[in-house]
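No letters, just coordinates:
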């Protein structure tokens with residue numbers, strides 16, 4: 001051993017080692033803190049709660065939830081039964097894990113791994129979730145008695161997959177997701193997003209209305225189960241020559257109900273949608289929560305419940321001042337949009 005090997009460590013070298021050790025500790029602490037914050041309030045997960053005493057939530061990512069909500073909305077626009085939506089969701093779960101991917105086996109693309117070479121559409125069309133969902137339903141409804149067939153059989157007749165039995169493993173979760181996103185189960189769907197997505201961007205009422213009409217149909221903003229004139233659907237009043245005064249729409253609601261406006265405190269823009277039935281209201285409310293991050297929706301309320309992006313880990317809460325016994329339930333779905341920081 002040389003003489004230099006036995007010399008005491010220099011003071012500045014020891015300080016450097018201590019500083020490096022503290023840096024490592026701070027990094028670990030920062031990582032743990034970041035993980036805690038993300039899991040509590042960040043854009044981490046969406047959940048569907050099950051009914052019954054032994055509840056076991058089904059969890060998915062916000063991207064997957066948004067795609068599932070779109071698939072469900074397109075089925076709703078076509079007035080298809082829940083079974084059709086369940087088949088579509090289970091198929092997309094197997095084919096793409098509910099992700100709109102730009103790759104796959106050979107030329108397969110999108111949520112349902114549809115192939116341009118097999119007549120499903122162009123690459124651009126197939127990677128549009130609204131289009132691809134519509135094409136899936138187009139082929140599904142041509143199958144005689146599809147709603148009474150086993151899910152694997154119905155899905156396989158549309159997809160012609162090399163692994164037809166693989167769809168079966170997704171049926172339970174697809175059924176659970178369908179019940180929530182169609183509105184049959186109230187307040188059963190939640191996403192933890194952070195404050196309106198956490199990116200400081202403002203929501204656009206025009207963008208929200210456009211997405212709603214594209215996925216649910218133009219009559220959605222009038223709260224009608226039947227198509228209404230485009231002017232009414234877009235929040236524009238009918239002329240007297242259209243059979244009503246300047247305040248009425250074909251759905252029987254004033255034009256201001258279907259249009260965007262400021263919220264009650266006059267600070268945040270809001271989109272209101274009349275909901276004639278609870279299931280319809282919860283269908284729209286859950287759709288809004290699923291798309292909250294991308295559309296910068298800060299708050300959703302319906303009936304006597306409210307979901308707030310800033311406290312989304314708490315899920316749906318009872319709305320302040322509401323009392324189901326006094327008939328004060330909110331009869332429209334309200335989407336309050338974020339404002340820019």
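Everything's here; your move. Bear in mind that the values here come from a model prediction, so they are computed numbers and not experimental data.

Quick one: the strands in the stretch 151-300 of the chain, in order.
Taking DSSP state E, counting those that start in this stretch to define them, one finds strands in the stretch 151-300 of the chain at 189-192, 260-262, 269-274, 297-303.

Each with direction, which strands does the last one pair with?
The sheet places strand 297-303 alongside strand 305-308 (antiparallel), strand 330-337 (antiparallel), with pairing taken from DSSP bridges.

And for the first one?
Sheet neighbours of strand 189-192, with direction, are listed as strand 45-48 (antiparallel) (DSSP bridges).

Could you look up the next helix or strand downstream of the partner strand?
Proceeding N to C from strand 45-48, the next assigned helix or strand is strand 58-60, under DSSP states H and E.

and stretch 106-115, which residues are buried?
Using 16 or more other CB atoms under 10 Å as the test for burial, stretch 106-115 gives 108-115. Placement of C-beta: from N, CA and C, glycine included.

Check stretch 132-141 too.
Using 16+ other CB under 10 Å as the test for burial, stretch 132-141 gives 132-137, 140.

Out of the strands paired with strand 297-303, which gets nearest to residue 209?
Distance to residue 209, taken as CB to CB, is lowest for strand 330-337 among these, at 10.0 Å.

Show me what that closest one is in contact with.
Contact with strand 330-337 is made by 196, 202-205, 208, 223, 257, 263, 268-275, 281, 284-285, 288, 295-304, 319, 322, as judged by CB atoms under 8 Å, 6 or more residues apart in numbering.

What's the PyMOL syntax to select whichever of these are buried?
Buried residues within the contacts of strand 330-337, by 16+ other CB under 10 Å, are selected in PyMOL with:
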select buried, resi 196+203+204+205+208+223+257+263+268+269+270+271+272+273+274+275+281+284+285+288+295+296+297+298+299+300+301+302+303+304+319+322
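
Phi and psi next, for the closest residue to residue 96 other than its chain neighbours.
Leaving aside its sequence neighbours, residue 96 sits nearest to residue 111 (CB to CB, 6 or more residues apart in numbering; 5.2 Å). Torsion angles at residue 111 (phi, psi; degrees, to the nearest 10) stand at phi -60, psi -40.

what ranges do the helices span in the stretch 101-250 of the chain?
Assigned by DSSP state H, counting those that start in this stretch, the helices in the stretch 101-250 of the chain fall at 123-126, 129-140, 151-159, 171-181, 205-216, 230-233.

Where does pLDDT dip in the stretch 101-250 of the chain?
194-199, 223-250 (pLDDT under 70).

Most widely separated two among the buried residues of stretch 132-141?
The largest separation in these, counting by CB to CB, is between 132 and 140 at 12.6 Å.

Residue 123 is in contact with residue 116, isn't it?
Yes: contact criterion CB atoms under 8 Å: residue 123 and residue 116 qualify, at 5.7 Å.

who touches both of the two?
Residues touching both residue 123 and residue 116 (CB under 8 Å, 6+ apart) are residue 109.

Number of residues surrounding residue 124?
Residue 124 has 10 neighbours, counted by other CB atoms under 10 Å.

Next, the contact list for it, please.
Counting by CB under 8 Å, 6+ apart, residue 124 has no contacts.

what about it, distance to residue 184?
Here residue 124 is placed at a distance of 34 Å from residue 184 (CB to CB, to the nearest Å).

burial count for the closest residue in space to residue 169 that isn't next to it in sequence?
Take residue 169 and drop its neighbours on the chain: the residue closest to it by CB to CB, 6+ apart is residue 94, 7.8 Å away. Applying other CB under 10 Å, we find 23 residues neighbouring residue 94.

ditto for residue 294
16.

Using just helix, strand and coil, how would you label the residue nearest to it when sequence neighbours are not counted?
Excluding the flanking residues, the one nearest residue 294 by CB to CB, 6+ apart is residue 66, at 6.4 Å. Following DSSP: H, G, I helix; E, B strand; the rest coil, residue 66 is assigned to helix.

Residue 66 touches residue 297, doesn't it?
No: contact criterion CB under 8 Å: residue 66 and residue 297 do not qualify, at 11.5 Å.
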